[in-house]
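Novice: got a structure for you, letters missing:
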């Protein structure tokens, strides 16, 4: 049983403004939540991973979901896509990601775009953990 | 611009990106991040190869 004397238990730092700013910044622009906390290499790698997945998905003619209240999978697709932050809004504004049902690999592209958003959410949560001192 | 990835290339690119994020976010120090990222990558790609052979065996 853990107790207050246990060295394994780390106490989190008191809440600060970075705990709010870092995850929002990380969501808006992949890696930015780490950059503003001076985790340059981690931020760069996270940014590259999300950017590569998102743009490879678009390159494979994957679909970018718009807001919808239809099929459950379409709703979840939208939720995943929004995780990419500004990339999603830019793609929607530029009318990218129309999808192409005639290409099998376009379905992979759709999944790439959704997973890019989900990975970005994980990255934003990681930035939050760094901000509250739960992680180095 | 369109990409013409093969199924396997698409799976490897996916594995590489997902493993990078998993490695960085799920571990606390650099060495563990590298190890966990490599572990995830091997599992992703290994899973693809195993599933591919399983489907081939089912077909034949």
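Specialist: Done, it's in. The structure displayed is predicted, hence computed values, not measured ones.
Novice: what about the spatially most central residue of chain A, which helix or strand?
Specialist: The centroid of chain A falls nearest to residue A:120 when counting by C-alpha atoms, centre = their mean (1.3 Å). Using DSSP states H and E, residue A:120 sits in helix A:104-131.
Novice: per-residue pLDDT, residue A:38?
Specialist: The score at residue A:38 is 96. That number is its pLDDT.
Novice: that one: neighbour count?
Specialist: Around residue A:38 there are 9 other residues, counting by other C-beta atoms under 10 Å in any protein chain shown. Where you see a C-beta, it was placed from the backbone N, CA and C, and this is true even at glycine.
Novice: not counting sequence-adjacent ones, nearest residue to the residue nearest the centre of chain B?
Specialist: The residue lying closest to the centre of chain B (C-alpha atoms, centre = their mean) is residue B:15, at 2.7 Å. Among residues not flanking residue B:15 along the chain, residue B:44 sits closest, at 3.5 Å (C-beta to C-beta, 6 or more residues apart in numbering or on different chains).
Novice: test my guess that that neighbour contacts residue B:13.
Specialist: No. Judged on C-beta atoms under 8 Å, residue B:44 makes no contact with residue B:13 at a distance of 10.6 Å.
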